[in-house]
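Enquirer: coords below, sequence missing:
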């Protein structure tokens, strides 16, 4: 028996993307939106692929336990011309969460997409400013404003 077998099991964070079509097939609803179900930590990622631009709504603490879920959500929209990362419902971001956010922005741009970030929480905004994130992505207060930013970025030069 190893020492690791004596430790209590760590809570798992699981992301399960399920098409709204699959969830509500019996009801006849037709939507291209994707939903990530909340996990045991209360963190969730909701992905709307059928909107233009795509919207990734994040709720809950963005930390070392949940950063992988954000990465998985971003991977789902890499083919979108534009993406809004809505983190208005994120009260806390640690270094792993910040890394997932910045890495996701980089991946979306490398895939040829335009990105805007929605954030209104003062503590998270302070972190984004202190770390220079506001220099690499436009930060807006609403999805409507983010849509305008992305539309302007997609205009031919």
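Expert: Alright, I've got the coordinates. Note that this is a predicted model, so its numbers are computed, not measured. Numbering: from 1, shown residues only.

Enquirer: for the helix or strand in which residue 103 is found, packing partners?
Expert: For residue 103, the element it lies in under DSSP states H and E is helix 95-110. Helix 95-110 makes packing contacts with helix 67-76, strand 82-89, strand 114-118 when contacts are defined by 3 or more CB pairs under 8 Å, 6 or more residues apart in numbering; DSSP states H and E. Where you see a C-beta, it was placed from the backbone N, CA and C, and this is true even at glycine.

Enquirer: out of these, flag the one nearest residue 97.
Expert: Go through the helices and strands packed on helix 95-110 one by one with CB to CB and the one that ends up closest to residue 97 is helix 67-76, at 5.2 Å.

Enquirer: hang on, the earlier thing: what angle sits between the helix holding residue 103 and strand 82-89?
Expert: Helix 95-110 and strand 82-89 are oriented at 160 degrees to each other (axes from the mean of the first three to the mean of the last three CA atoms, to 10 degrees).

Enquirer: which residues touch helix 95-110?
Expert: Residues outside helix 95-110 that contact it (CB atoms under 8 Å, 6 or more residues apart in numbering): 61-64, 66-68, 70-71, 74-75, 77-78, 80, 83, 85, 87, 90, 93, 115, 117, 127, 131, 133, 136-137.
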